[in-house]
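Q: Pasting the sequence and the predicted model now:
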Amino acid sequence: MLVRHGERLKVVIKMVFYFESTLVSPAVTLFMGFDKHENEELIRWGWPEDVWFHVDKVSSAHVYLRLRPGQTIDDIPAAVLEDAAQLVKANSINGNKMNDIDIVYTMWANLKKTPGMEVGQVGFHKEKEVRKLKVSKRVNDAVNRLNKTKKEENPDFRAEREKRDRMEREDKKKVLREKADKEKEEEKKKREESELRSYSTLMSNDNMSKYDDGNDSDDFM
């Protein structure tokens with residue numbers, strides 16, 4: 001992205017940090033923006049499958065977990081929740097120094113952004129859908145383990161979201177096509193069965209006419 005700075009154009013690189021939570025198999029990825037500007041982009045171009053984590057009432061990094069298709073927030077393993085909480089706490093200037101803090105988390109779709117909010121600031125559409133996790137203290141072993149997996153990347157948030165949406169639309173179209181094909185096949189099968197029943201009835205009536213000579217007597221003499 002190009003931003004005008006004085007008379008020059010300055011290239012702004014979007015940096016995101018990725019971490020691996022290896023306490024579960026397969027490992028899951030946690031990610032966060034470099035600063036509030038990346039957080040703003042993540043808020044704007046997040047996925048419906050993303051779970052957002054933040055220190056409650058204290059400035060901190062915005063950490064995300066991307067669920068697999070079909071998963072819900074209830075499917076997150078306790079170990080992954082703890083890793084996300086420790087990562088958020090460790091990346092909060094004040095939260096990192098505090099004990100017994102709450103980590104809030106909710107689905108990305110529940111994040112609310114209004115025009116008057118500062119860069120990186122969010123609210124919620126439904127408070128009842130925000131969950132809390134108590135963290136008594138920083139666990140250095142967990143933070144160090146996560147930091148060893150840290151990678152820096154420069155993703156195109158918009159392109160990734162648009163690709164995700166395009167694939168979702170294609171999948172839905174495929175499901176609809178398969179459903180329509182199945183309905184056509186079932187309708188064809190019903191017609192064939194109906195035609196077969198009609199033909200069988202016709203043949204039965206023809207046979208009755210063939211062997212009925214109009215004489216009710218059993219005497220052939």
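A: Looks like it came in fine. Residues are numbered from 1 along each chain as shown.
Q: domain assignment for this structure?
A: The chain breaks down into these domains under automatic domain parsing: 2-155, 157-210.
Q: Would you mind giving these as TSV with mean pLDDT and mean neighbour count added?
A: Placement of C-beta: from N, CA and C, glycine included. What follows is the domains of the chain, written out as TSV (pLDDT from 0 to 100; neighbours: other Cβ atoms under 10 Å):
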stretch	mean pLDDT	mean neighbour count
domain 2-155	91	16
domain 157-210	82	10
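Q: Which other helices and strands does the longest helix seen in the chain contact?
A: Ranked by residue count under DSSP state H, the longest helix found in the chain is helix 157-210. Helices and strands touching helix 157-210, by 3 or more Cβ pairs under 8 Å, 6 or more residues apart in numbering; DSSP states H and E, are helix 36-45.
Q: now the next helix or strand after the helix it packs on against helix 36-45, angle please.
A: Going down the chain from helix 36-45, the next helix or strand is strand 50-55, by DSSP states H and E. Strand 50-55 runs at 140 degrees relative to helix 36-45, counting by axes from the mean of the first three to the mean of the last three Cα atoms, to 10 degrees.
Q: Now the residue most central in space within the chain: closest residue in space, sequence neighbours ignored.
A: Using Cα atoms, centre = their mean, the residue of the chain that lies closest to the mean C-alpha position is E49, 2.5 Å off. Of all residues not flanking E49 in the chain, L67 sits nearest, at 4.5 Å (Cβ to Cβ, 6 or more residues apart in numbering).
Q: same thing with H62?
A: Counting by Cβ to Cβ, 6+ apart, the residue nearest H62 is N39, at 4.5 Å.
Q: ok, now which ones touch the one you found?
A: Each residue near N39 by Cβ atoms under 8 Å, 6 or more residues apart in numbering is listed here: M32, G33, A61, H62, V119, G120.
Q: how far away is it from L196?
A: Plainly put, N39 is 66 Å away from L196 if you go by Cβ to Cβ, to the nearest Å.
Q: And for K172?
A: Counting by Cβ to Cβ, the gap from K172 to L196 is 36 Å.
Q: cool, and E186?
A: In terms of Cβ to Cβ, E186 sits 16 Å off from L196.
Q: Next: W45.
A: 57 Å.
Q: Check S25 too.
A: According to Cβ to Cβ, S25 stands 54 Å off from L196.
Q: next one: H125
A: 57 Å.
Q: likewise D102?
A: 69 Å.
Q: Over to N147?
A: 71 Å.
Q: what do you get for M98?
A: Counting by Cβ to Cβ - M98 and L196 are separated by 77 Å.
Q: Same question for E41.
A: 63 Å.
Q: Give the full set of residues in contact with E82.
A: Going by Cβ under 8 Å, 6+ apart, the list of residues near E82 reads L133, V139, A142.
Q: residues contacting the nearest residue to L65 once chain neighbours are set aside?
A: The spatial neighbour of L65 that comes closest, neighbours along the chain excluded (Cβ to Cβ, 6+ apart), is V51 at 4.5 Å. Going by Cβ under 8 Å, 6+ apart, V51 touches Y64, L65, R66, L67, I73, I76, A84, Y105, T106, M107, W108.
Q: Can I take it that the first one is in a helix?
A: Right, the one you point to is Y64. No - counting by DSSP: H, G, I helix; E, B strand; the rest coil, Y64 is located in no helix; its state is strand.
Q: Look up the residues forming beta bridges with it.
A: F31, W52 (DSSP bridges).
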